[in-house]
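The sequence and its predicted three-dimensional model are supplied below.
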Amino acid sequence: MIVLFISHNNSFHVSLTLKFPQTSPENHLLTNTVHCHFPANLCTVSKISLESFRNMSDSVSGSDPSGSSESKGSGFDPTRIQEVKAWLLTQFDAVGKDVPEFEYTPRSIAHLHNIASVSQAKTQAAGIVANDFRQKAAEYRSQAARIRELLENVGLAQESLPSSVVGSAQVLSSVANLLNIRDTELSSFLVSMGDLSLRKSGVQEKRAKVQKESKVLLDYTRKAIARLTYLKRILAQLEDEVAPCEAQIENWKTNLPLLVSKEREYNQRYSNYKALLNRVGYAPEISHGVLVEMAEHRKELEKKTKPILDTLRSYQDLPPDKALASLAIEDKKRQFAAAEKYLEEVLQSALSTTD
């Protein structure tokens, strides 16, 4: 397994984990790991497992289609092998280590050649950038020497200037470097100061926003603390009530069988009373509530009829009328005679029927 890691300062770290087939019957893999530090500007290209080269996907092999086609068509490419060996030898010699032995397969050669190509390209690009920086530094040094010569010609050499002027120039240079401007012109300073003012305004706005949010969060925090205190107090009260509630629950558990037996007894008695009422012909119309309502209605009727009864009793206390009494006696006599006549007729009809 080959793993490349890029680090700063124009160097990278490479870790080679090489696994070789063992000659034992179990056919285990021998593993050798080498850690090296390469002083070059390289990029992390891939993480390759040498024991799984033949099972890798076509997308990985597509990074170098020409090399893959050659390896498939003609097996090993001697030129590529030599380039890979030379590159590995160069990199390991740079750190004072020997190149470890490992199995060269078409796929491993293709990927190592790809890594070497990218490494060389990155190294070349880094060299170009470094040369450009060197050229710029040389130009800056030559320009500084020319400006120093001009200042000396007009009598403004650094040695002849007062210390206050030198200090002011150094301060001006430091401010220019701090403001990241190319020169010390007044316009450049004004533009940079305007940019700083805008940035300051933005920072002040952000600060005001953050302060507002912090006040809101502080308010929420205070409310949360108050709520937490309230919940803690409630929790303490509930914890204090746990013991009495547990005792009451235990008492209920103890009385539960007794209550269940009482319930069964009352249900049985209710069934018996219901059957008894059905046998005696009980109806809802003669229930206690209905009887109470009828008694109240009777009392109301008695209250209404009491004046009439009192009036009738006053009439009963009067002396009897003889004319009316004689009329009543005559009426009763007629009724008695009619009854006797009717009785004789019935007897005569009964006798005639028997004959």
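Noted; the coordinates are in hand.

Identify the single longest helix in this structure, thanks.
helix 186-279 (DSSP state H).

And the next helix or strand after that one, how far out from the chain middle?
With elements assigned by DSSP states H and E, the helix or strand that comes after helix 186-279 is helix 288-316. Counting by CA atoms, centre = their mean, to the nearest Å, helix 288-316 is centred 80 Å from the centre of its parent chain.

that older thread, same for the longest helix of the chain, what does it pack against?
Contacts defined by 3 or more CB pairs under 8 Å, 6 or more residues apart in numbering; DSSP states H and E place helix 186-279 against helix 163-179. In this view, the C-beta of every residue, glycine as well, is placed from N, C-alpha and C.

List the buried residues of the helix it packs on.
Neighbour-count burial for helix 163-179 flags Ala176 (criterion: 16 or more other CB atoms under 10 Å).

cool, and stretch 178-198?
Ile181, Phe189, Ser192.

Rebuild those residues as TSV, extending it with distance to Glu159.
Output for the buried residues of stretch 178-198, formatted as TSV (distance: CB to CB, whole Å):
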residue	distance to Glu159
Ile181	27
Phe189	27
Ser192	31
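
Which member of those is positioned nearest Val260?
Using CB to CB, Ser192 comes nearest to Val260 of those, at 92.0 Å.

contacting residues around that closest one?
Ser192 sits next to Leu179, Asn180, Ile181 when contact means CB atoms under 8 Å, 6 or more residues apart in numbering.

can you do 7 Å?
Leu179, Ile181 (CB atoms under 7 Å, 6 or more residues apart in numbering).

What pLDDT does the model give it?
Ser192 carries a pLDDT value of 88.

Can you give me the distance of it to Leu179?
Ser192 is 4 Å from Leu179, where distance means CB to CB, to the nearest Å.

What of Glu340?
Noted for Glu340: a distance of 155 Å to Leu179, by CB to CB.

what's the answer for Thr79, then?
Distance of Thr79 to Leu179, given as CB to CB: 55 Å.

Then Glu83?
According to CB to CB, Glu83 and Leu179 sit 50 Å apart.

same check, this time on Ala157
Taken as CB to CB, the span from Ala157 to Leu179 is 27 Å.

go on, Ala247?
In terms of CB to CB, Ala247 sits 80 Å off from Leu179.

If you count contacts, what does the strand or helix carrying Gln135 end up packed against?
Gln135 is part of helix 106-153, with elements assigned from DSSP H and E. Counting contacts by 3 or more CB pairs under 7 Å, 6 or more residues apart in numbering; DSSP states H and E, helix 106-153 packs against helix 65-74, helix 78-94.

Where among those helices is average confidence lowest?
helix 65-74 (a mean of 41).

Lowest mean pLDDT among the helices and strands of this structure, which one is it?
Within the chain, no helix or strand scores below strand 47-48, which has a mean of 33 by mean pLDDT, DSSP states H and E.

what about the nearest residue to Gln158 once chain neighbours are set aside, distance to Leu186?
Nearest residue to Gln158, sequence neighbours excluded (CB to CB, 6 or more residues apart in numbering): Val166, at 6.3 Å. The gap separating Val166 from Leu186 is 21 Å, by CB to CB.

And Ala350, by the same measure?
Distance from Ala350 to Leu186, by CB to CB: 162 Å.

burial measure for Ile109, as a count.
The tally of other residues near Ile109 (other CB atoms under 10 Å) stands at 21.

where's it relative to Glu241, distance?
From Ile109 to Glu241 the distance is 80 Å (CB to CB).

How about Leu276?
48 Å.

How about Pro257?
According to CB to CB, Pro257 and Glu241 sit 26 Å apart.

again, but for Arg182
Taken as CB to CB, the span from Arg182 to Glu241 is 78 Å.

With Pro162 instead?
For Pro162, the distance to Glu241 equals 88 Å [CB to CB].

Kindly report the same for Ala94.
Noted for Ala94: a distance of 78 Å to Glu241, by CB to CB.

higher neighbour count, these two?
Remark: of Ala94 and Glu241, Ala94 carries more neighbours, 14 against 10, as counted by other CB under 10 Å.

Any stretches of the chain with poor pLDDT?
1-76, 285, 315-320, 353-355 (pLDDT under 70).

helix/strand/coil for the residue lying closest to Ala169 once chain neighbours are set aside?
Closest residue to Ala169 in three dimensions, ignoring its sequence neighbours and counting by CB to CB, 6+ apart: Leu161, at 7.9 Å. Judged by DSSP: H, G, I helix; E, B strand; the rest coil, the three-state class of Leu161 is coil.

tally of neighbours for Leu161?
Considering only other CB under 10 Å, Leu161 is surrounded by 15 other residues.

Ile81 is in contact with Pro106, isn't it?
No - look at Ile81 against Pro106 with CB atoms under 7 Å: they stay out of range, at 10.0 Å.

neighbour count winner among these two?
Between Ile81 and Pro106, counted using other CB under 10 Å, Pro106 has the larger neighbour count: 22 against 15.

Let's verify Phe102: helix, strand, or coil?
coil.

Check the gap between it and Thr90 for me.
Distance from Phe102 to Thr90, by CB to CB: 17 Å.

With Ala138 instead?
Using CB to CB, Ala138 is found at 29 Å from Thr90.

Which one of the two is surrounded by more residues?
Counted by other CB under 10 Å, Ala138 and Thr90 do not tie: Thr90 has more neighbours, with 15 against 10.

Next one: Thr254 from Leu327, what distance?
Noted for Thr254: a distance of 89 Å to Leu327, by CB to CB.
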